[in-house]
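Engineer: predicted model and sequence below, questions to follow.
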Amino acid sequence: MRYVVVGLGISANLEAEDYPEELLQRAISLKMAAGQPVSRSELIAAILEQFEQLYALYLEQGFAPIRALWEAHSVTLNRQATLTTPQGVIEGTPRGLDDMGGLQVELADGSFRTVYSAEVGAGGQ
């Protein structure tokens, strides 16, 4: 692997009033969750350290342990979801990752579609 593109959004120190009303039921900042401000520099350092550890694991053992970790911690697997992709909207149930890291989504007709880039929301949104 020569490169990877990762999009990551973390709300560190936002307050409830910083969110639009429609997001308050499904979005939270780390400050709101912890009850105290978060050091953004410490947060990014911790994230980069974790990426380094996972990359070392990947180089040593391949993608399988990374996939297992992702699937074990995913909150979207096996739940109906709406995926907004560059090609359009897909309604389905994410089931896991393939060997290349693509999200395997089961569609209503029982077929599967591989998605490599999407914004995932709960079904029915």
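Structural biologist: That came in fine, so what should we check first?

Engineer: tell me the mean pLDDT over stretch 50-59?
Structural biologist: Regarding stretch 50-59, the rounded mean pLDDT is 94.

Engineer: report the backbone C-alpha coordinates of that stretch in PDB.
Structural biologist: Coordinates of each C-alpha in stretch 50-59 appear next as PDB, following Å, rounded to 0.1, in the frame of the first residue of the first chain:
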ATOM      1  CA  GLN A  50      -3.300   4.800  17.000                       C
ATOM      2  CA  PHE A  51      -3.000   5.000  13.200                       C
ATOM      3  CA  GLU A  52       0.700   4.200  13.500                       C
ATOM      4  CA  GLN A  53       0.000   1.100  15.600                       C
ATOM      5  CA  LEU A  54      -2.700  -0.100  13.200                       C
ATOM      6  CA  TYR A  55      -0.400   0.500  10.200                       C
ATOM      7  CA  ALA A  56       2.300  -1.500  11.900                       C
ATOM      8  CA  LEU A  57      -0.200  -4.300  12.500                       C
ATOM      9  CA  TYR A  58      -1.300  -4.100   8.900                       C
ATOM     10  CA  LEU A  59       2.300  -4.400   7.700                       C
END
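
Engineer: can you list contacts of that stretch?
Structural biologist: Met1, Val6, Pro65, Ile66, Leu69 (Cβ atoms under 8 Å, 6 or more residues apart in numbering). For the C-beta atoms, the positions are set from N, CA and C on the backbone; glycine is no exception.

Engineer: show me the contacts for the second one.
Structural biologist: Think Val6. By Cβ under 8 Å, 6+ apart, Val6 lies in contact with Phe51.

Engineer: now do the strands in this structure.
Structural biologist: For the chain, the strands defined by DSSP state E occupy 81-85, 88-97, 103-106, 112-115, 119-122.

Engineer: any idea which of those strands is most buried?
Structural biologist: Per residue and on average, the most neighbours among the strands of the chain fall to strand 103-106, with a mean of 20 (mean count of other Cβ atoms under 10 Å).

Engineer: ok, back up a step: which of the contacts of stretch 50-59 fall within helices?
Structural biologist: Counting by DSSP state H, these place Pro65, Ile66, Leu69 in helices.
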